[in-house]
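K.L.:
Next one to model:
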Amino acid sequence: NGTNVGTGATYTSTTLATGNIVTCVMTTTVACPSTPTATSNSVTMTVNPTVTPAISISASATTICPGTAVTFTPTPTNGGTPAYQWKVNGTNVGTGATYTSTTLATGNIVTCVMTSTVTCPSTPTATSNAITMIVNPTVTPSVSISASATSICNGTSVTFTPSPTNGGTPIYQWKLNGANIATGATYTSSTLNNGDLVTCIMTSTASCLTSSTATSNAITISVSGSVAPSVAIAASATSICSGTSVLFTPTPTNGGTPTYQWKLNGTNIATGATYTNSSLNNGDIVTCIMTSSLTCATTPTATSNSVSITVNSTVTPLVSISTSATSICSGTNVIFTPNPTNGGTPTYQWLLNGVNSGTGTTYSSSSLSNNDVISCIMTSNESCISSSTATSNNVTMVVNSTVTPLVSISASSTSICNGTPVVYNAIPTNGGTPTYEWFLNGSSVGTGNTYTNPTVANNDIISCIMTTSLACSTSPTVNSNSVTMTVHPTPATPVITQTGFTLNSDNPNGNQWYFANLGAPIGGGTNQTYTPIVSGSYYVIVTDQFGCVSDTSNTIIIVITGIENINETSFSIFPNPTNGNFIVQLNSNNEKAKIELFDAIGQIVFKKELINSNKIECNLNNLANGVYSIRITTSNSSSTQKIVIQK
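P.N.:
Down below sits the predicted model:
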């Protein structure tokens, strides 16, 4: 690079960098040279960086069966045109660009050492990752099958289940008498015939199989024909007197050596080959359930016919009476109905307060009085009765007097301002649990026991119709009184104007002035005019003699820049107006003084005590612009001044 670096016959350097230019100036010693020195050609250097060769290898498979060919492939980095040395368990086995083997065993570890041909390698060789082989042994698949039953009755469902060995996730082909019949994980059939032969061929999905399929054992089915068991019973007599012994006998079919369960009125009563009873009652029903001993019975049990017994025993006639109503209104017609027991075709004698009053199959009257008692004497024509007559229960009547329903309505107010909602209440008399229908100017508007109208108009008329739930009312419905509404209009929206610092309302009465900045009414601000003492926005709302409130007037903004002391004080404030940072200077020292700062509506927004000091610096940048009052209170005096915060 033009800098002298040596004078020898040769020049050697280990610190050359890419782009360095080496030249040589020769000084001759010959006599009479044309020039004493000569400059050589330039040699420009290229310095290559050092690189690190690396290699990784992959296998066509790492889990294989014995004898499977596996090819290992290298992926070189910075190898140039590399040479490879393949190793199995550290022993050299090949030098090709890939390595293939069919003799690998479980646990064999394959690696590769690469020799790089690149210029300037950090090391000439690199060793790959190691690949560990898994070689699964060869296995033989097999399958056996079992059946839920092999000796069955016709129509019995049989399920065949396989037990696979070395099947992986196997596939099954079921065969019936050598013909393909199903492919499920199990095979079920209810249509097997005697001598049918069931087998199964399993196709294995496991690896390294000696064979892909295996055939199961064969199962031969024995099928017997079905028979229907039945039983009939007969009685030695079916119409008897009380206490007669009756013998019941069964006649079985397809029962084999049967057993019996005798039932009386559905309840188990005996288990013998016959059944005898001497205490049967009228209407008793005897049946028998036979259990067959035959294997292929269509059902294991059979139920016999029913035998109904008639027992002519002594009976007691009874009668009760019921009525269409027991609590009635005066003049209501009431029907009394008898309910006979053991009466045959009976006759009746009806009694009113113990006096005969009729003989029909029913008795009716529309002239009953409160506490009247109705009863009945029934004469039975039934056989074997203990008595020919029976007296009923007594029915005592409750006769209610007629009542007159009434309803009146009241309103939460009948004289209101426009837009005021009104609630109307119904006051019932003799209504029971009444229902109501409300009317506004004759139109139906509601059904509750109260009605609320949010949009009452002047001279609206509200009324109500009540429906009573009492049975004995002179009328089911009754009309209420009417309520006529007086609705006063909303006062006109006032307009305010400004004269100097004085605000004027165009409405002479009912004014209430508001400080808009706080949205609060101004105490004492109820005249037609108002003079603010604080900067801000003001408006007025008017309330008329009926208490109706106008909308908000226009808003006027007042800005007061002057400072007026409330009274002569014993302290000074500076600067005033202020941006929020100011000093309060007392005119004399006090042992203790209290400083309070009030906003425009009299709320304390800052307070502090001074002890043995006559000056305080205040930083109230957080307060809004406006006029505030400062009060200094000592043990013997109190003084107040105004201060304006204006940022």
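K.L.:
wait, what's in contact with Val307?
P.N.:
Ile233, Ala234, Ala235, Thr238, Phe248, Ile285, Val286, Thr287 (CB atoms under 8 Å, 6 or more residues apart in numbering). C-beta coordinates here come from the backbone N, C-alpha and C atoms, glycine included.
K.L.:
Now restrict those residues to buried residues only.
P.N.:
Of all the contacts of Val307 considered here, the ones buried according to neighbour count by 16 or more other CB atoms under 10 Å are Ile233, Ala235, Phe248, Val286, Thr287.
K.L.:
Out of those, name the ones that lie in helices.
P.N.:
Judged by DSSP state H, these include no members of helices.
K.L.:
Closest one to Gly96 out of these, please.
P.N.:
Of all the buried ones among the contacts of Val307, Gly96 sits closest to Thr287, with 94.9 Å by CB to CB.
K.L.:
wait, doesn't the closest one sit right on Ser306?
P.N.:
Yes - using CB atoms under 8 Å, Thr287 is in contact with Ser306, at 5.1 Å.
K.L.:
From what I see, Asn217 and Ser144 are in contact.
P.N.:
Yes - taking CB under 8 Å as the definition, Asn217 is a contact partner of Ser144 at 5.4 Å.
K.L.:
who's more crowded, those two?
P.N.:
For Asn217 and Ser144, the more surrounded residue by other CB atoms under 10 Å is Ser144, and the numbers stand at 15 against 11.
K.L.:
shaky segments in the stretch 1-150 of the chain?
P.N.:
Judged by pLDDT under 70, the stretch 1-150 of the chain has no weakly predicted residues.
K.L.:
lowest-confidence helix or strand of this protein?
P.N.:
Here the helix or strand of the chain ranked lowest by mean pLDDT, DSSP states H and E is strand 520-521, holding a mean of 76.
K.L.:
Could you list the paired strands of it along with their orientation?
P.N.:
Looking at strand 520-521 with DSSP bridges, its paired strands and their directions are strand 511-515 (antiparallel).
K.L.:
rewinding a little: need the next SSE after the least confident helix or strand of the chain, C-terminal direction.
P.N.:
Toward the C-terminus, strand 520-521 is succeeded by strand 529-530 as the next helix or strand (DSSP states H and E).
K.L.:
For the stretch 201-350 of the chain, which segments count as helices?
P.N.:
When secondary structure is read from DSSP state H, counting those that start in this stretch, the stretch 201-350 of the chain shows no helices.
K.L.:
Number of residues surrounding Ser142?
P.N.:
Neighbourhood size, Ser142 [other CB under 10 Å]: 16.
K.L.:
dump the residue contacts of Thr291.
P.N.:
For Thr291, the contacting residues are Pro258, Thr259, Tyr260, Gln261, Pro300, Thr301, taking CB under 8 Å, 6+ apart as the criterion.
K.L.:
typo on my end, it should be Ile377
P.N.:
Going by CB under 8 Å, 6+ apart, Ile377 touches Tyr348, Gln349, Leu351, Thr389, Ala390, Thr391, Ser392.
K.L.:
mind checking which helix or strand the fifth one is in?
P.N.:
Looking back up the chat, that one is Ala390. Using DSSP H and E, the secondary-structure element containing Ala390 is strand 389-391.
K.L.:
Now that strand: average pLDDT?
P.N.:
In this model, strand 389-391 has an average pLDDT of 96.
K.L.:
what's that strand in contact with?
P.N.:
Counting by CB under 8 Å, 6+ apart, the neighbours of strand 389-391 from elsewhere in the structure are Thr316, Pro317, Leu318, Val319, Gly343, Ser375, Cys376, Ile377, Met378, Thr379, Ser380.
K.L.:
So what's the residue count around the first one?
P.N.:
A count of neighbours around Thr316, defined by other CB under 10 Å, yields 12.
K.L.:
Quick check: chain neighbours aside, which residue is closest to it?
P.N.:
Nearest residue to Thr316, sequence neighbours excluded (CB to CB, 6 or more residues apart in numbering): Ser386, at 4.6 Å.
K.L.:
my read: that neighbour touches Val315, true?
P.N.:
Yes - counting by CB under 8 Å, Ser386 touches Val315, with 7.0 Å between them.
K.L.:
between the two, who's got more neighbours?
P.N.:
Applying other CB under 10 Å to Ser386 and Val315 shows that Val315 carries more neighbours, namely 18 against 11.
K.L.:
Hmm, the more buried one is touching Gly344, no?
P.N.:
No - the pair Val315 and Gly344 does not pass the contact test of CB under 8 Å, sitting 9.9 Å apart.
K.L.:
Overlap in contacts, these two.
P.N.:
Contact criterion CB under 8 Å, 6+ apart; residues bridging Val315 and Gly344 by contacting each: Glu382.
K.L.:
dump the residue contacts of the spatially most central residue of the chain.
P.N.:
In the chain, the residue lying closest to the centroid (CA atoms, centre = their mean) is Gly448, at 34.9 Å. Remark: with contacts taken as CB under 8 Å, 6+ apart, Gly448 is in contact with Tyr436, Trp438.
K.L.:
State the distance from it to Thr435.
P.N.:
The spacing between Gly448 and Thr435, counted by CB to CB, to the nearest Å, is 9 Å.
K.L.:
Using neighbour counts, trim the contacts of Thr291 to the buried set.
P.N.:
For the contacts of Thr291, a neighbour count by 16+ other CB under 10 Å gives the buried set as Pro258, Tyr260.
K.L.:
can I get the contacts of Thr291 in JSON lines with distance to Val542 and pLDDT?
P.N.:
What follows is those, written out as JSON lines (distance: CB to CB, whole Å; pLDDT from 0 to 100):
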{"residue": "Pro258", "distance to Val542": "108", "pLDDT": "96"}
{"residue": "Thr259", "distance to Val542": "106", "pLDDT": "97"}
{"residue": "Tyr260", "distance to Val542": "106", "pLDDT": "98"}
{"residue": "Gln261", "distance to Val542": "100", "pLDDT": "97"}
{"residue": "Pro300", "distance to Val542": "100", "pLDDT": "91"}
{"residue": "Thr301", "distance to Val542": "99", "pLDDT": "95"}
